[in-house]
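In: Requesting a structural model of the entry that follows:
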Amino acid sequence: MSELTKVNCPGCGKVVVWNEASPYRPFCSKRCQLIDLGEWAAEEKRIPSSGDLSESDDWSEEDLR
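Out: You can find the predicted model right below:
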């Protein structure tokens, strides 16, 4: 018998079993999932990068490759 994988919800910290019965995994609920999405959409969260490009920086075709 395999052991169940459990993770903490990134939103509230509640323990979530990682399987098909948990449709919002790694979140515990649709609410926590939507709160997280809203934080990303509002740019409260971001993936760290080595350089910080502002919207005013000129981009060339070479930069996009």
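In: Could you tell me the model confidence score at S50?
Out: Confidence at S50, expressed as pLDDT, is 77.
In: Run a quick neighbour tally on it.
Out: Residues lying near S50 (other Cβ atoms under 10 Å) number 4. Every C-beta, even on glycine, is put in place using the N, C-alpha and C of the backbone.
In: Could you look up the SS state of the residue most central in space within the chain?
Out: Per Cα atoms, centre = their mean, the C-alpha nearest to the average position across the chain is that of D36, at 6.7 Å. What DSSP: H, G, I helix; E, B strand; the rest coil gives for D36 is helix.
In: pretty sure it is touching F27, no?
Out: Yes: at 6.8 Å, D36 and F27 qualify as touching, with contact defined as Cβ atoms under 8 Å.
In: Common neighbours of those two, please.
Out: Shared contacts of D36 and F27 (Cβ atoms under 8 Å, 6 or more residues apart in numbering): 10-11.
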